[in-house]
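Student: Provided below are the primary sequence and the corresponding predicted coordinates.
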There are 2 protein chains.
Amino acid sequence: MFFLEKDGESATVVGLIARAIRRDISFGELSPDKKLKIEELRARYGGSSHSVREALTILSAEGLVEATAQRGFRVASATEDDLKDITRLRGEVERMGLEWSMERGDVAWEGQVIAAHHALTRAQADVVADPIEGALAWDEANGNFHAVLIQACGSPRLIAMHTQLYDQSRRFRLAALREMRIDFQTITKNHEKLLAAILAHDVETALKHLQSDIDGNTRYGPSDEGTLKRP
Amino acid sequence: MFFLEKDGESATVVGLIARAIRRDISFGELSPDKKLKIEELRARYGGSSHSVREALTILSAEGLVEATAQRGFRVASATEDDLKDITRLRGEVERMGLEWSMERGDVAWEGQVIAAHHALTRAQADVVADPIEGALAWDEANGNFHAVLIQACGSPRLIAMHTQLYDQSRRFRLAALREMRIDFQTITKNHEKLLAAILAHDVETALKHLQSDIDGNTRYGPSDEGTLKRP
DNA sequence: TATACAAAAATCTTACATATTTTTTTATTT
DNA sequence: AAATAAAAAAATATGTAAGATTTTTGTATA
């Protein structure tokens, strides 16, 4: 199974290692706060200690890993506060991005939005049929949809911030998916309303549906188990 | 002369190198788009090639350096579009941060704001007397003032984003300072109104003055020379 | 129990060697 | 002369190893 590739990452060993670790953190195979010892990682993912070290430096810039001078690396902790912070910020960033995109976006952009929405609808059907196998594919389709929403905003830095926040929230979302704490019916309805509002150039309504999508997507469901925090 | 130290940076060689390069980029000693060859940097800043490399990785995460796989590093370019993007985003981020801070901030926070404003006033006087020597001190005092404004917002990630954006805009601001394209009278008045609005818990007025401060601070002045872009 | 010291582990840094990629130079052909 | 192709040079990426420093762990003593 593949995993989202960033800017020509597969070209270098460091990139491959970074991607593998990123994936394992997102899936929870590397639990929050777990100490990341260079030697262990080297044995697990291959590469030299240099490569591993550099991969960890990159991931720590992304916020998935925390680095402390002279004390090595550990998986970034994932408390409920973190989730709230990430969700709130992502909401604000995406709101800005969508607003600007709707101001500046042309027909081509609207086409991209429609296409991304279509792909997401398909992925949604798959993940309902098989929540384990389809989870990652859905998360990528969902991420792509939201990425396209802000694509035309004209601010490369806003787009970068959004990518980072989405990546940071991925572990929470995948955990929720595994435990089926996500209400796809509501999400689907929301996305449809959102799409309709975008095509109607109704900014206010669009932003409203966007916000409820983000909030609902990462909210803890009825089950109270399985938060990612493991002390 | 010292330079803002990030999280225990002086503890490691990599941190020292990163700080030195960050400073030189901010001052324009390393011009935008300049190729950063590992060997040259090693000779200039000391350390091993690996230390330099890691420092560059960190800086590229901060947005001051651009990295391309298999093609090394270069100083991030600094076009007028970049300045606009950074300024716009910083405005939005700081607006959110101040709004949330004013909701959550207590008397202790207000005290910090007053103190930071006082320090900034002093620095302002110094930089008017000697624009060359006082420039960096003023920029730090100004940065600290704005950092304190959002300190009580309760979102560590928003604070991190703001730090990054402020650092990215530093080279533009220092260039403007050197060329005396900054109108301190207006800025001072703005800061005073901003402080008054904060202490009066008048969110709307505060946000208005904040925005005009950020806009005015980085706007190109009457002189049209000396943008940072050097083709 | 608390403190101090010693041992062990891990990280940080440097040095050097090799492989791969990119860029520049040179030579050949049209 | 211009364009293409091959060769050379430069630069980057990766790997191994070894020493220095720091942190953590374990043990003995007060």
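Tutor: Received it, and whenever you're ready, just let me know what you need.

Student: who's in contact with A:V93?
Tutor: If a contact means C-beta atoms under 8 Å, 6 or more residues apart in numbering or on different chains, then A:V93 has A:I150, A:L158, A:M161, A:H162, A:L165 as its contacts. Heads up, the C-betas are built off the backbone N, CA and C, glycines and all.

Student: Backbone dihedrals for the first one, please?
Tutor: The phi and psi values for A:I150, taken as degrees, to the nearest 10, are phi -100, psi 0.

Student: ok, now how distant is it from A:A176?
Tutor: To A:A176, A:I150 is 23 Å away according to C-beta to C-beta, to the nearest Å.

Student: ok, those two, which is more surrounded?
Tutor: Taking other C-beta atoms under 10 Å in any protein chain shown, A:I150 and A:A176 do not tie; A:I150 has more neighbours (25 against 22).

Student: Could I get the pLDDT score of the closest residue to that one other than its chain neighbours?
Tutor: Once flanking residues are discounted, A:I150 sits nearest to A:G97: 2.8 Å by C-beta to C-beta, 6 or more residues apart in numbering or on different chains. Per-residue confidence (pLDDT) for A:G97: 98.

Student: which parts of the helix or strand encompassing A:G97 are buried?
Tutor: Secondary structure from DSSP states H and E places A:G97 in helix A:80-104. Residues of helix A:80-104 classed as buried by neighbour count (16 or more other C-beta atoms under 10 Å in any protein chain shown): A:82-83, A:85-102.

Student: give the contact list for the closest residue to A:S60 other than its chain neighbours.
Tutor: Counting by C-beta to C-beta, 6+ apart, A:S60 lies nearest to A:A67, which is 4.2 Å off, once chain neighbours are set aside. Taking C-beta under 8 Å, 6+ apart, we find A:A67 in contact with A:L56, A:T57, A:S60, A:F73.

Student: Any idea what A:A67 is bridged to?
Tutor: A:F73 (DSSP bridges).

Student: measure A:R122 to B:I114 for me?
Tutor: 57 Å.

Student: residue furthest from the geometric center of chain A?
Tutor: Taking C-alpha atoms, centre = their mean, the residue of chain A most remote from its mean C-alpha position is A:Q70, at 30.0 Å.

Student: tally of neighbours for the residue of chain A found nearest chain B?
Tutor: In chain A, the residue that lies nearest chain B is A:A61 (3.0 Å; C-beta to the nearest C-beta). Residues near A:A61, counting by other C-beta under 10 Å, number 17.

Student: ditto for A:T186
Tutor: Neighbours of A:T186 using other C-beta under 10 Å come to 13.

Student: List the residues that contact the spatially closest residue to it that is not a sequence neighbour.
Tutor: Take A:T186 and drop its neighbours on the chain: the residue closest to it by C-beta to C-beta, 6+ apart is A:G216, 6.0 Å away. By C-beta under 8 Å, 6+ apart, the contact set of A:G216 is A:D183, A:T186, A:I187, A:N190.

Student: From A:I114, how far out is the third one?
Tutor: Going back to what we said before, that points to A:I187. From A:I187 to A:I114 the distance is 17 Å (C-beta to C-beta).

Student: ok, A:G63 - contacts?
Tutor: Contacts of A:G63 by C-beta under 8 Å, 6+ apart are A:A76, A:Q164, A:D167, A:Q168, B:R157.

Student: just checking, which of those belong to helices?
Tutor: Among these, DSSP state H puts A:Q164, A:D167, A:Q168, B:R157 in helices.

Student: ok, and which of those residues reach DNA strand C?
Tutor: Among these, no residue lies close to DNA strand C (C-beta under 7 Å from any atom of the strand).

Student: mind checking pLDDT for A:G143?
Tutor: Per-residue confidence (pLDDT) for A:G143: 96.

Student: Contact residues of chain A facing chain B?
Tutor: Proximity of chain A to chain B, by C-beta under 8 Å from any C-beta of the partner chain, involves residues A:7-9, A:11-12, A:15, A:50, A:53-54, A:57-58, A:61-63, A:68-70, A:85-86, A:88-89, A:92, A:96, A:154-158, A:161, A:165.

Student: Filter the residues you listed down to the buried ones, ChimeraX style.
Tutor: Buried subset of the residues of chain A next to chain B, written as a ChimeraX selection, criterion 16+ other C-beta under 10 Å:
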select /A:9,15,53,54,57,58,61,62,63,85,86,88,89,92,96,154,155,157,158,161,165
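
Student: The residues of chain A next to chain B: which ones sit near DNA strand D?
Tutor: Okay, of those touching DNA strand D (C-beta under 7 Å from any atom of the strand), that's A:T12, A:G15, A:H50, A:E54, A:Q70.

Student: can I assume the fourth one sits in a helix?
Tutor: Yes - counting by DSSP: H, G, I helix; E, B strand; the rest coil, A:E54 falls inside a helix.

Student: just the helices in chain A please.
Tutor: So, for chain A - with DSSP H - the helices run A:13-26, A:38-45, A:49-62, A:80-104, A:107-129, A:135-149, A:156-178, A:184-199, A:203-218.

Student: who wins for proximity to B:W109 among those helices?
Tutor: Nearest to B:W109 among the helices of chain A is helix A:80-104 (18.4 Å), distances taken as C-beta to C-beta.

Student: Report the inter-axis angle for the closest one versus helix A:203-218.
Tutor: 150 degrees (axes from the mean of the first three to the mean of the last three C-alpha atoms, to 10 degrees).

Student: Between helix A:184-199 and helix A:80-104, find me the angle.
Tutor: Between helix A:80-104 and helix A:184-199, the angle comes out at 30 degrees (the same axes, to 10 degrees).

Student: and helix A:80-104, how far out from the chain's middle?
Tutor: Mean-position distance between helix A:80-104 and its chain equals 12 Å (C-alpha atoms, centre = their mean, to the nearest Å).

Student: try stretch A:168-175
Tutor: Taking C-alpha atoms, centre = their mean, the mean C-alpha location of stretch A:168-175 is offset from the chain mean by 7 Å.

Student: Check stretch A:20-38 too.
Tutor: Worked out by C-alpha atoms, centre = their mean, stretch A:20-38 lies 16 Å from the chain centre.

Student: So which bits of it are buried?
Tutor: Those would be A:A20, A:I21, A:R22, A:R23, A:D24, A:I25, A:S26, A:F27, A:G28, A:L30, A:P32, A:L36, for stretch A:20-38 by 16+ other C-beta under 10 Å.
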